[in-house]
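Peer 1: the following comprises the amino acid sequence and a computationally predicted model.
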Amino acid sequence: MSETIFLGLGSNLDQPIRQIHCAIESLGAFVDSIERATLYRSKPLGPQDQPDFVNTVIKGQTNLSPEDLLGFVKRIEKCQKRVETVLWGPRTIDIDILYFGNLNFTSSSLKIPHPEVLKRSFVTIPLLDLLKSEITPTGDRIDRNRYDASTLVRIDTQEEKQWL
């Protein structure tokens, strides 16, 4: 049975916009009907001595289980040469499972919904771009005014094309 999923993507190394496009293309192998929110530039959450991040959220359909989806996501990160050096440090690509249908799921390697999804403007603002209402798949209401969108810079289509 196909489930609607939301994934958060971020990159701040090795042509971040290109990294995000590459990840979305790879996700297309096991995620159907992908819709992508606008790209946003944001300051890093962790150490400030690193480049700004480019972030977005995608929505799609998958027949995979949550654990299988996580496995594929980790393979994409590895293929795109993600190296974990320091918590919230620089990375070529980061793909987080934000929502998997309306599932609440916890295992040793995965928690859905993502525990930080409603705490980070660089995730919530693009998520709101894709939600038909301000209600999450698990029924939480998101108040757009609660998030500081001034910390994000929307990347326009021309700028995006320049970096592909």
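Peer 2: Now that the structure is in, tell me what you want to look at. Numbers count the residues shown, from 1 in each chain.
Peer 1: gap between residue 109 and residue 74?
Peer 2: 9 Å (CB to CB, to the nearest Å). Quick note: C-beta positions are derived from backbone N, CA and C, even for glycine.
Peer 1: tell me which of these two has more neighbours.
Peer 2: Between residue 109 and residue 74, counted using other CB atoms under 10 Å, the more crowded position is residue 74 (13 against 10).
Peer 1: secondary structure class for that one?
Peer 2: helix (DSSP: H, G, I helix; E, B strand; the rest coil).
Peer 1: how much space separates it from residue 95?
Peer 2: The gap separating residue 74 from residue 95 is 8 Å, by CB to CB.
Peer 1: then residue 112?
Peer 2: 14 Å.
Peer 1: what do these two both touch?
Peer 2: Taking CB atoms under 8 Å, 6 or more residues apart in numbering as the contact definition, residue 112 and residue 95 share no neighbouring residue.
Peer 1: and the closest residue to residue 93 other than its chain neighbours, what is it in contact with?
Peer 2: Beyond its immediate neighbours in the sequence, the residue positioned closest to residue 93 (CB to CB, 6 or more residues apart in numbering) is residue 80, lying 4.5 Å away. With contact taken as CB under 8 Å, 6+ apart, residue 80 is in contact with 19, 22, 23, 92, 93.
Peer 1: give me the sheet partners of the helix or strand hosting residue 96 and which way each runs.
Peer 2: Here residue 96, judged by DSSP states H and E, is contained in strand 94-100. Here strand 94-100 has these sheet partners by DSSP bridges: strand 3-11 (antiparallel).
Peer 1: buried set for the partner strand?
Peer 2: 3, 5, 6, 7, 8, 9, 10, 11 (16 or more other CB atoms under 10 Å).
Peer 1: over to stretch 151-159?
Peer 2: For stretch 151-159, burial by neighbour count (16+ other CB under 10 Å) applies to 152, 155.
Peer 1: so what touches it?
Peer 2: 17, 38, 39, 40, 41, 42, 43, 54, 55, 121, 122, 125.
Peer 1: can you check stretch 104-120 too?
Peer 2: 8, 45, 66-67, 70, 96-100, 103, 123-124, 127, 136-138, 140, 142.
Peer 1: flag the shaky bits of this structure, pLDDT-wise.
Peer 2: Flagging of the chain using pLDDT under 70 yields the residue ranges 86-87, 89, 163-164.
Peer 1: many thanks, have a good one.
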